[in-house]
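>>> coords please:
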Amino acid sequence: MRAMAILTFLVSLTAFLYRDDQTEYLDSLADVVAANYVAYRNASWRYVYNNKSVSGEIPTTVNNGVLYIGDVLLINNFHFINDRIWHTYVNDGVCYIYGALSIKEINAAKAKLKDSYGLGFANNGYLVNNKGGGSIRLPDYVTQTAVPAGKYLFVSVSNLD
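Numbering: from 1, shown residues only. Here you go, the predicted structure:
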């Protein structure tokens with residue numbers, strides 16, 4: 001009987017420790033994905049700001065770890081994390097940088113970007129944020145992006161003026 005109690009305790013302890021390891025891993029992964037988004041966002045914004053005449057979807061490529069936005073090399077040693085693809089779209093002087101993220105990843109990205117008014121997720125064609133959201137209308141081109149199950153369309157909106 002005593003051996004069974006000890007075995008039950010050890011199995012429970014192992015399960016508890018494994019769950020903590022999984023939680024730490026998921027938190028770390030969310031932080032890495034968020035940092036990847038922020039690096040892309042900053043590079044993309046720099047490209048768009050320096051090329052204000054661009055409009056529409058801005059092509060993004062990564063060749064041998066080098067990120068190109070448009071035809072300009074912006075970051076060396078860049079890789080999309082876990083097959084995440086970020087997008088840049090410019091319409092009427094407004095830049096939208098977006099991609100699919102989980103709630104943990106959204107919270108990590110918002111923390112890195114100081115949770116501004118133009119930062120949130122798409123819902124029914126509007127940007128929802130923690131600053132009173134719902135007043136920024138998103139273009140259909142952005143909101144029609146396919147989003148995998150369990151993810152949300154995370155969007156950063158910036159005026160070029």
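>>> Chain neighbours aside, what residue packs nearest to residue 122?
Excluding the flanking residues, the one nearest residue 122 by CB to CB, 6 or more residues apart in numbering is residue 153, at 4.1 Å. (C-beta placed from N, C-alpha, C; glycine too.)
>>> which other helices and strands contact the helix or strand harbouring the one you found?
According to DSSP states H and E, residue 153 maps onto strand 152-159. Here strand 152-159 touches helix 2-50, strand 94-101, helix 103-112, strand 119-123, helix 140-143, going by 3 or more CB pairs under 8 Å, 6 or more residues apart in numbering; DSSP states H and E.
>>> So for that strand, mean pLDDT?
Averaged across strand 152-159, pLDDT comes to 89.
>>> and that strand, C-alpha only, in PDB?
Extracted in PDB, the C-alpha atoms of strand 152-159 (Å, rounded to 0.1, in the frame of the first residue of the first chain):
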ATOM      1  CA  TYR A 152      -6.000  35.500 -34.700                       C
ATOM      2  CA  LEU A 153      -5.100  38.100 -37.300                       C
ATOM      3  CA  PHE A 154      -2.700  40.500 -35.500                       C
ATOM      4  CA  VAL A 155      -2.400  43.900 -37.100                       C
ATOM      5  CA  SER A 156      -0.200  47.000 -36.600                       C
ATOM      6  CA  VAL A 157      -1.600  50.100 -38.200                       C
ATOM      7  CA  SER A 158       0.500  53.200 -38.900                       C
ATOM      8  CA  ASN A 159      -0.100  56.400 -40.900                       C
END
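>>> tilt between it and strand 94-101?
In terms of direction (axes from the mean of the first three to the mean of the last three CA atoms, to 10 degrees), strand 152-159 departs from strand 94-101 by 160 degrees.
>>> Checking residue 147 next. Helix, strand or coil?
coil (DSSP: H, G, I helix; E, B strand; the rest coil).
>>> gap between the nearest residue to residue 57 once chain neighbours are set aside and residue 149?
What sits nearest to residue 57 in space, not counting adjacent residues and going by CB to CB, 6+ apart, is residue 89, at 5.4 Å. Between residue 89 and residue 149 the computed distance is 23 Å (CB to CB, to the nearest Å).
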